[in-house]
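> Make a model of this:
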Amino acid sequence: MKRMSSTDTVAHEGRHAAQKTYPFRNYWTAPGGLSEALVPLPSKQDAELMIDKFFLHVDPLYPIIPQTVFRARVERFWASSQESRNAADAIEVALIYGILATGRLFITDQDSVDLVSPETFLSCAYRALCLSSFLSKWSLQSIQVLVPFCNYFVMNNRTADSWTFSGIIQKQAYGLGLHKLPPQTATVSEKQLRYRLWQALMFQDVSLSYYLQLVPLTCQHSIDASALSNVDEGDNRPGLRMQELLATGPVVSDLAFLTCQSDVSYVRAMWLFAKFMQVNICLPGALARPVVRDSAHQAALILELQGLYDGLDPPFNTTAFNNHEHRTWRQIIMVASNYHFAFTMLHLAENAESDVQRDLHEALKASAKAMACFFTLIAAEPQHAAMWAPANTRAYAQAVTIKKIFSLVEQQQQREEDPWLQLVKGDFDRYIDILVHTHGAPGFEQLKKERLSKLLDGQVRVRSIPERRERLQECAFQRQHTGFTLAT
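As a prediction, this is how the structure comes out:
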């Protein structure tokens, strides 16, 4: 994600304040209770569409909600009477609304659902959370609700709100002991859920800490990624899963949640990434210290990160996106884009006191790989380009970094014929074209205008279709010349 300067932070907070002074729409009366929060509930058909969108686009990146269990509970909720719904568990209602709010963001055909805004669903989710007394009654379920909350705020460029709620989650996570090994009495499902929730918190914490230049809060823990067992190993053996299923039934135990090896490998990959970022990039940045002490330290960090990436479970240690089902494909893109963004930062790190020099050639290579992840994503799912979701925000941050590299190349009078430089120039132009020709909600358009202005120094040029085709052909040629064919 793009690191904010103090000026950027003030501008961001001012823009957010202009939008609203309270993060939720407030429709509620004191005696209203849960029945009042259930009034905006959509039709079952609309709800199922939004739930499908959530599990297609968000759940692969935050695999913390057992889908089979959740859908079974939603079906039971729909089948119940209005009186029973009014007396339902408020935390379950909050989770339903939280998923509806996020899923609603991915519905581009506005005629396919009733015009209930995602903000309304989010407000209902928060109302249900309050009725569950979530601030004083900590539970894994409340954290399951709050993690999508933070993701929703990030997707709507409300980073300050996300940071605030992230702090609430982290305090509750420490209170629940998620930073330690689970109790021996915990079930297989609970152990899996605890590990996955902790990883989700670490990653959100790292992203927000880097973006806002604040100290990460999830650094203190006594577990590591190896605690999360592979499918059919350790705490996740078939016998233990069957024992739990027989004891609790399918409404509690979700075999699909427990036996998805892609999820396990993805969680471990992002866990290792978050831990590396916490210690080596976020903390020094928040404390105004250089990321690298000297050339040897820089080389050691790059070697460590490369070792982490190479050691990930296949296929997460490659950028070969083809021939994978959608869930794994989306997770590979997430892993690759984050790791190569980190590689870019390390290659550009400097320390004037110890004469650490930037490696622009390697920074260009890492930038090309990171940008290609974004291009691959939006080629298949264009809606990601029309919202400031983490993927687009990270691509923008990479574009800002690329612009900085261009300036450094010019200062150092490096060879213009470097194929990686030409490739990244094409990527920069391609990203600009995508922003110019993509249109979204008013909030997206406002921020798009600001970011385009920054990338182009106030001069936005719209390429014609023939020019765009010609530039893409040049990019394809450069990719062949460098041997890099991640995305076309």
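> From now on I want contacts and neighbour counts done on CA atoms only, so please keep to that.
Will do.
> What is the neighbour count of the nearest residue to Ser139 once chain neighbours are set aside?
Spatial nearest neighbour of Ser139, excluding adjacent residues (CA to CA, 6 or more residues apart in numbering): Leu176 at 7.3 Å. As a burial measure, Leu176 scores 15 neighbours (other CA atoms under 10 Å).
> what does Lys44 give?
There are 12 residues near Lys44, going by other CA under 10 Å.
> State the next helix or strand along the chain beyond whatever helix or strand Arg71 lives in.
Arg71 belongs to helix 67-79 when elements are defined using DSSP states H and E. Heading C-terminal from helix 67-79, the first helix or strand you meet, by DSSP H and E, is helix 82-86.
> The helix or strand following that next one versus helix 67-79: what angle between them?
Using DSSP H and E, the helix or strand that follows helix 82-86 towards the C-terminus is helix 90-105. Put simply, helix 90-105 runs at 100 degrees to helix 67-79, going by axes from the mean of the first three to the mean of the last three CA atoms, to 10 degrees.
> I'd like to know the average pLDDT value across helix 90-105.
Mean per-residue pLDDT for helix 90-105: 96.
> With just CA atoms, put that helix into PDB.
What follows is helix 90-105, C-alpha atoms only, in PDB (Å, rounded to 0.1, in the frame of the first residue of the first chain):
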ATOM      1  CA  ALA A  90     -27.300 -10.500  17.600                       C
ATOM      2  CA  ILE A  91     -23.700 -11.500  16.700                       C
ATOM      3  CA  GLU A  92     -25.000 -13.800  14.000                       C
ATOM      4  CA  VAL A  93     -27.200 -11.100  12.600                       C
ATOM      5  CA  ALA A  94     -24.100  -8.700  12.600                       C
ATOM      6  CA  LEU A  95     -22.100 -11.300  10.600                       C
ATOM      7  CA  ILE A  96     -24.900 -11.700   8.000                       C
ATOM      8  CA  TYR A  97     -25.200  -7.900   7.500                       C
ATOM      9  CA  GLY A  98     -21.400  -7.500   7.400                       C
ATOM     10  CA  ILE A  99     -21.100 -10.000   4.600                       C
ATOM     11  CA  LEU A 100     -24.100  -8.400   2.800                       C
ATOM     12  CA  ALA A 101     -22.400  -5.000   3.000                       C
ATOM     13  CA  THR A 102     -19.100  -6.200   1.500                       C
ATOM     14  CA  GLY A 103     -20.800  -8.500  -1.100                       C
ATOM     15  CA  ARG A 104     -23.000  -5.500  -2.200                       C
ATOM     16  CA  LEU A 105     -19.900  -3.600  -3.200                       C
END
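> List of residues touching it?
Helix 90-105 is contacted by residues 34, 47, 49-54, 74, 117-122, 124-129, 131-132, 141-142, 144-145, 148-149, 152 when judged by CA atoms under 8 Å, 6 or more residues apart in numbering.
> How far off centre is it?
On the basis of CA atoms, centre = their mean, to the nearest Å, helix 90-105 sits 18 Å off its chain's mean C-alpha point.
> helix or strand right after that helix?
Counting by DSSP H and E, the next helix or strand C-terminal to helix 90-105 is helix 118-131.
> Can you tell me how far the residue nearest to Ser139 is from Ala227?
Using CA to CA, to the nearest Å, Leu176 is found at 17 Å from Ala227.
> What of Gln331?
20 Å.
> per-residue confidence at Leu486?
49.
> Would you mind listing which of the contacts of helix 90-105 are buried?
34, 47, 49-54, 74, 118-122, 124-129, 131-132, 142, 144-145, 148-149, 152 (16 or more other CA atoms under 10 Å).
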